[in-house]
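Asker: got a predicted structure plus its sequence, pasted below:
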Amino acid sequence: MPVFPPGSALRAIILAVLAAALAAGCDGNQAVTSGSTSVAHTTTVAAPARRSLSFYHGIIEPRTGDLSTMIREGDRLAGDHVDTAGVLPPVLISRRAGGKPRVIMEGEAASAAQAARDLRQAGLAVLLAPTTAVPGYSAEVDTGDASLTALDEDVLEWARRAEDDHAELFTPLCRFNLALRGAAGSWSTAILPRVREVYSGKLAAWVVPDPAGEPPPGAAHDFERLDFRGYDYLVIDVCPPGSADDTFDAAAFEAYTRELAAASARVVERDQLQGVIFVTGGWRREAGG
């Protein structure tokens, strides 16, 4: 299953469907919705109370400018029945050859933190999802002890921020099975109780279905081998293949989506989750392109 590259011009659709609806084969209602490091911050306006939602119908935009537009147009989004915005701040974790930080994005992290607060002030629920997918770098990270310790520190700082700002949803690491590969399961299990100590909202585990490619017919997807017990939601990327220049096979994509919905429903039932959030979307061209 291909993964959208960081910084791509993607408008994603995000929705949560309860396990019972998935099991019944319900398609749900689709609507448009986008998705750090320890960054000192001061909140001058009290955060709105955390909203209680059973169905998340939101929008994720990868560019800061788009987040700013969403903040300004909170009333219009509400009129379109969009109630959730995803914000994906960068985590600063591993080190490259020579000992230099892998990514230096403090400004971007600070901007994302402020955007999350502003979106909530604009009346939208927020999914805060720290990510390793930074333009110009591989989403995969070093899984040595020192790197994972630094990652834990970043994740817990963002969990505290999510609690302080009353974010409705928090995921410890966006697409964590892609970022951590073989270490994903043990890391997710170990970080969960530590996040629960500092964050009291809904916790989501965000995965890519098949980082190494689609499995053979009848075989389990990568995420089905992971343990999500203790989380509230599973978040799963369901992205169409190819780019804006490729031919899109709608029938194949629909079949794959239905298969992922069925697999997700089994995981929700197995691990006693509240539901699954699908993140899906497509490629965009500039106007007139």
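Answerer: Cool, the structure landed. Numbering: from 1, shown residues only.

Asker: pLDDT on the longest helix along the chain, on average?
Answerer: Selection of the longest helix in the chain by residue count, based on DSSP state H, yields helix 250-271. For helix 250-271, the mean per-residue pLDDT is 90.

Asker: now it: buried residues?
Answerer: Along helix 250-271, these residues count as buried under the neighbour rule (16 or more other CB atoms under 10 Å): Phe253, Tyr256, Thr257, Leu260, Ala261, Ala263, Ser264, Ala265, Val267, Val268. No exception for glycine: its C-beta is placed from N, CA and C like everyone else's.

Asker: contacting residues around the third one?
Answerer: When contacts are counted by CB atoms under 8 Å, 6 or more residues apart in numbering, Thr257 is found next to Val238, Thr280.

Asker: if you set the cut-off to 7 Å instead, what comes out?
Answerer: Neighbouring residues of Thr257 by CB atoms under 7 Å, 6 or more residues apart in numbering: Val238.

Asker: can you list the low-confidence ranges for the stretch 1-150 of the chain?
Answerer: When the per-residue scores of the stretch 1-150 of the chain are filtered using pLDDT under 70, the ranges that remain are 1-45, 61-66, 92-110.

Asker: which parts of it are strands?
Answerer: Remark: strands assigned in the stretch 1-150 of the chain by DSSP state E, counting those that start in this stretch are 10-18, 57-60, 84-87, 125-128.

Asker: format the buried residues of helix 250-271 as CSV; extra columns: distance to Ala220.
Answerer: Supplementary listing: the buried residues of helix 250-271 in CSV, determined by distance: CB to CB, whole Å:
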residue, distance to Ala220
Phe253, 20
Tyr256, 15
Thr257, 17
Leu260, 12
Ala261, 15
Ala263, 8
Ser264, 12
Ala265, 14
Val267, 10
Val268, 15
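
Asker: of these, closest to Glu214?
Answerer: For the buried residues of helix 250-271, the closest approach to Glu214 (CB to CB) belongs to Tyr256, at 7.5 Å.

Asker: distance of that closest one from His221?
Answerer: Between Tyr256 and His221 the distance is 10 Å, computed by CB to CB, to the nearest Å.

Asker: next: Val238.
Answerer: Val238 is 11 Å from His221, by CB to CB.

Asker: what do you get for Gly123?
Answerer: Relative to His221, Gly123 is positioned 36 Å away (criterion: CB to CB).

Asker: and if you look at Ala47?
Answerer: For Ala47, the distance to His221 (CB to CB) stands at 37 Å.

Asker: higher neighbour count, the two?
Answerer: His221 (20 against 15; other CB atoms under 10 Å).

Asker: now do the same contact list for that one.
Answerer: For His221, counting by CB under 7 Å, 6+ apart, the contacting residues are Pro209, Asp210, Pro215, Ala263.

Asker: which ones are touching the residue lying closest to it once chain neighbours are set aside?
Answerer: Leaving aside its chain neighbours, His221 sits nearest to Pro209 (5.0 Å; criterion: CB to CB, 6 or more residues apart in numbering). Counting by CB under 7 Å, 6+ apart, Pro209 makes contact with Met1, His221, Asp222, Phe223, Ile236, Asp237, Leu260.

Asker: list the contacts of the fourth one.
Answerer: Remark: with contacts taken as CB under 7 Å, 6+ apart, Phe223 is in contact with Asn177, Val207, Pro209, Ile236.
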